[in-house]
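Colleague: Attaching a predicted model along with its sequence, questions to come.
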Amino acid sequence: MSQTVPNLLPFVELPILFKPLTLDQQPLDIQQKIAQINEVLPQTQCGLCDHPDGCLPYAAAIVINGEPHNKCVPGGQPVTDTIGQIVQKNNPPLIAAKSNWETDAITGRPQEMRAIIREADCIGCTKCIPACPVDAIIGTGKHMHTIFTELCTGCELCIAPCPVDCIDLVPISRQISADIRQIEQHDLQSRYYHHLNRVADSLADSRHTKPVVSMMEAKINNVAAQSLDISEADAKSTIAAAKLRTKIKKLEKQLSVRPNAQKQSELIALQAELAALV
Ligand code: SF4
Ligand code: SF4
Ligand code: SF4
């Protein structure tokens, strides 16, 4: 009988940052367990579990390296207990890692926070933008920046890079059902993966002249370089595919504003080239 593999979708076409995890090469039962734990994690991507690359590497470390399952700070006790059930290590139960924020009496999780920029003090330096794992900050150089509060997870990663300390955290109060939480977590995960892919594409683009400005950019650069050591041909095609995707996205954007037959055929040719590569 063939084995069914639930929740493996996150391991298909993962961002290049996760390549060193080699998740797709793990035995199926290990992959399933990692996927199950990743489903439970808040997807805040805050790195407070000592995994600055986010929730998926922590899920993998719990299963593969036997890392303690109580390190997710925003998940609090409910997440620690649920992971304990998955890995069958709830006897005795572990106490969740302590948060700086009070525990919410209703959810049992730490108080949720959101970041807000004191716009009058913002100098428009753009340093907070690459730090945000879910692309919740908008703004351009020398102009005031702002945060889409509904997209912000309160991960606090934008606070340290701000040279003028103009980002504040404010508590929010809400009650959400388990279903809504799950939908929200999936959305955060896909926003984070989109963010990582965009950073990787921009680093692979030869016209990209901006210096590396975030820890994540440096890590993605390293992974791409290591991939070159492991399999030059493989890495070259990954980089070529990233460049093609960047060109395709630009053309699609232009064509969505103004149809143009020549650009349309250019787009079709690039899409065919990409399909042949991946
Ligand atoms: S949300 Fe939890 S698992 Fe995800 S990065 Fe933050 S502490 Fe780690
Ligand atoms: S705006 Fe700041 S606190 Fe909010 S998600 Fe982005 S980096 Fe995290
Ligand atoms: S890091 Fe601070 S000063 Fe710079 S753009 Fe962001 S909020 Fe404004």
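Modeller: Thanks, I have the structure now. Numbers count the residues shown, from 1 in each chain. Ligands and ions are numbered 1, 2, ... in the order given.

Colleague: Over to P171. Which of the three states is it?
Modeller: strand (DSSP: H, G, I helix; E, B strand; the rest coil).

Colleague: count of neighbours near whichever residue of the stretch 1-150 of the chain sits closest to ligand 2?
Modeller: Closest contact between the stretch 1-150 of the chain and ligand 2, by CB to the nearest ligand atom, is at C132 (3.2 Å). C-betas here are computed from N, CA, C, even on glycine. Neighbourhood size, C132 [other CB atoms under 10 Å]: 25.

Colleague: Quick one: residues contacting it.
Modeller: C155, L157, C158, H195 (CB atoms under 8 Å, 6 or more residues apart in numbering).

Colleague: Could you rerun that using 6 Å?
Modeller: C158 (CB atoms under 6 Å, 6 or more residues apart in numbering).

Colleague: in this structure, which spans are helices?
Modeller: 28-40, 55-65, 76-86, 178-204, 215-230, 232-257, 261-277 (DSSP state H).

Colleague: Comparing those helices, which yields the minimum mean pLDDT?
Modeller: The minimum mean pLDDT among those belongs to helix 215-230 (a mean of 65).

Colleague: Return the most buried member of the helices of the chain.
Modeller: Mean neighbour count (mean count of other CB atoms under 10 Å) peaks for helix 55-65 among the helices of the chain, with a mean of 22.

Colleague: what about that one and ligand 1, touching?
Modeller: Yes - applying CB under 6 Å from any ligand atom, one finds helix 55-65 touching ligand 1 at C55, Y58.

Colleague: can you state the direction angle for that helix and helix 76-86?
Modeller: 40 degrees (axes from the mean of the first three to the mean of the last three CA atoms, to 10 degrees).

Colleague: by how many degrees do helix 55-65 and helix 28-40 diverge?
Modeller: Using the same axes, to 10 degrees: helix 55-65 against helix 28-40 is 140 degrees.

Colleague: what sits up against helix 55-65?
Modeller: So helix 55-65 is contacted by L21, I30, K33, I34, I37, N38, L41, Q43, C49, H51, E67, H69 (CB under 6 Å, 6+ apart).

Colleague: near ligand 1, which of these show up?
Modeller: Subset of those in contact with ligand 1: L41, C49, H51, counting by CB under 6 Å from any ligand atom.

Colleague: Tell me the spacing between the closest residue to the first one other than its chain neighbours and K247.
Modeller: What that stands for is L41. Once flanking residues are discounted, L41 sits nearest to C55: 4.0 Å by CB to CB, 6 or more residues apart in numbering. C55 is 31 Å from K247, where distance means CB to CB, to the nearest Å.

Colleague: and if you look at G76?
Modeller: 44 Å.

Colleague: Please apply the same query to N100.
Modeller: For N100, the distance to K247 - CB to CB - is 44 Å.

Colleague: Which residues of this protein lie near ligand 3?
Modeller: Contacts of the chain with ligand 3, taken as CB under 6 Å from any ligand atom, map to 117, 122-128, 139, 145, 161-162, 164, 166-167.

Colleague: returning to that earlier point: hmm, which two among the contacts of helix 55-65 are most spread apart?
Modeller: I30 and Q43 (20.5 Å; CB to CB).

Colleague: Read off the pLDDT value for I147.
Modeller: I147 is given a pLDDT of 80.

Colleague: count of residues packed around it?
Modeller: I147: 20 neighbours (other CB under 10 Å).

Colleague: Across the sheet, point out what pairs with it.
Modeller: I137 (DSSP bridges).

Colleague: thinking it is in contact with I137, fair?
Modeller: Yes - using CB atoms under 6 Å, I147 is in contact with I137, at 5.3 Å.
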